[in-house]
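1. Only the shape, not the letters, is given here:
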């Protein structure tokens, strides 16, 4: 039972990690319009609440480079490992 819960937690974290990764990559595409723009906005609604937690404390480097997604992904991965470690 617990191994299936742990597997589910790992799987959800992996999916969310990929969503954040795609969102960050899409942010590099200028002038997103049409279907790609719609996808980018939907991903933003999913990712921005989590990323904004880190953007409050980590300012962009040089005013341009946002490293908050890197820190957010690290915290997500360590948090998942901690939760699964406690469960098992």
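-> Cool, the structure landed. From a predicted model like this one, the values you see are computed outputs, not experimental measurements.

2. Flag the shaky bits of this protein, pLDDT-wise.
-> 1-2 (pLDDT under 70).

3. Tell me which stretches of it form helices.
-> 2-27, 34-55, 68-87 (DSSP state H).

4. would you turn those helices into TSV with mean neighbour count and distance to residue 61?
-> Yep, even glycine has a C-beta here, placed from its N, CA and C like the rest. Formatted as TSV, the helices of the chain follow (neighbours: other C-beta atoms under 10 Å; distance: least, C-beta to C-beta, whole Å):
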stretch	mean neighbour count	distance to residue 61
helix 2-27	13	15
helix 34-55	13	12
helix 68-87	14	10
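
5. want to try a markdown table for the ones you listed, with distance to residue 62 as columns?
-> Below are the helices of the chain laid out as a markdown table (distance: least, C-beta to C-beta, whole Å):
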| stretch | distance to residue 62 |
| --- | --- |
| helix 2-27 | 16 |
| helix 34-55 | 15 |
| helix 68-87 | 14 |
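
6. these two touch, right, residue 5 and residue 87?
-> Yes. Applying C-beta atoms under 8 Å as the test, residue 5 and residue 87 come out as touching, 6.3 Å apart.

7. residue nearest the centroid of the protein?
-> residue 20 (3.5 Å; C-alpha atoms, centre = their mean).

8. List the residues that contact that residue.
-> Listed by C-beta atoms under 8 Å, 6 or more residues apart in numbering, the contact partners of residue 20 are 47, 50-51, 69, 72-73, 76.

9. and if you look at residue 3?
-> residue 88.

10. Distance of it relative to residue 85?
-> Note on residue 3: its distance to residue 85, by C-beta to C-beta, to the nearest Å, is 13 Å.

11. now residue 77
-> 12 Å.

12. Quickly list what's touching both of the two.
-> With C-beta under 8 Å, 6+ apart, residue 77 and residue 85 have no common neighbours.

13. Now do the phi/psi pair for residue 62.
-> Backbone torsions of residue 62, given as degrees, to the nearest 10, read phi 70, psi 20.
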